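A.B. asks: Can you look at this prediction? I've put the sequence above it.
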Amino acid sequence: MILIPWFRRHRVHASWRRSALAAVAVLLVSGMTACGPENPYRHEVLMRGHILESTHEGLILCVGEKDGARVGQVFAAISHRRLSDRGPQAGSRYQRQPTGTVRITALRDDHYAVAEVVDGKPGLHDTVELVRP
C-alpha cells in the first residue's frame, strides 16, 4: 500500500550506485588526510625570532632546534621603527626596515642559536625571519 501516491521511488541502476559510493569513499579518505599531523614544512617557512645579544662568538638568536633551525640557514634581519606623529586612524604606526642577513653557525640548544652577519648591520632586538626560497 502506498501512503503517498505521488511519491514513487525510482530505481537507480547498480552502476550509478557504485559510482556514488566510490565518490563518497574518496571524499572521506581525502578528508581524513587533511586532519593528519602538523606539516613540518610550516616551521621552515614561518620560522622567526630575535637577536638577543652580540658576543665574541657572534649574534645569539632566540631560534633553536625546537623551532626547526639548522646550521647554515640564512635569516633576514628586520628592525621595527615607530613612525612619529601618526594617529590611530592613519594606519600602522610602525615600519619594517631590513637591516641585513645572518647565517646560523651553531645551535646552542632547543631555543637558541649562534649566527654570523652575512651582510648589513643587524642590531640587538631586531627580528630575524627565515629567508623563503
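C.D. replies: Now that the structure is in, tell me what you want to look at.
A.B. asks: ok, residue 75 to residue 122 distance?
C.D. replies: 9 Å (CB to CB, to the nearest Å). The way it works is simple: take the backbone N, C-alpha and C, and place the C-beta from them, glycine included.
A.B. asks: show me what contacts residue 23?
C.D. replies: Going by CB atoms under 8 Å, 6 or more residues apart in numbering, residue 23 touches no other residue.
A.B. asks: Doesn't it lie inside a strand?
C.D. replies: No - applying DSSP: H, G, I helix; E, B strand; the rest coil, one finds residue 23 to be helix, outside a strand.
A.B. asks: about what we covered before: quickly list what's touching both of residue 75 and residue 122.
C.D. replies: Common neighbours of residue 75 and residue 122 (criterion: CB under 8 Å, 6+ apart): 101, 102, 128.
A.B. asks: nearest spatial neighbour of the first one, skipping sequence neighbours?
C.D. replies: Sequence neighbours aside, residue 118 is the residue nearest to residue 101 in space, at 4.4 Å (criterion: CB to CB, 6 or more residues apart in numbering).
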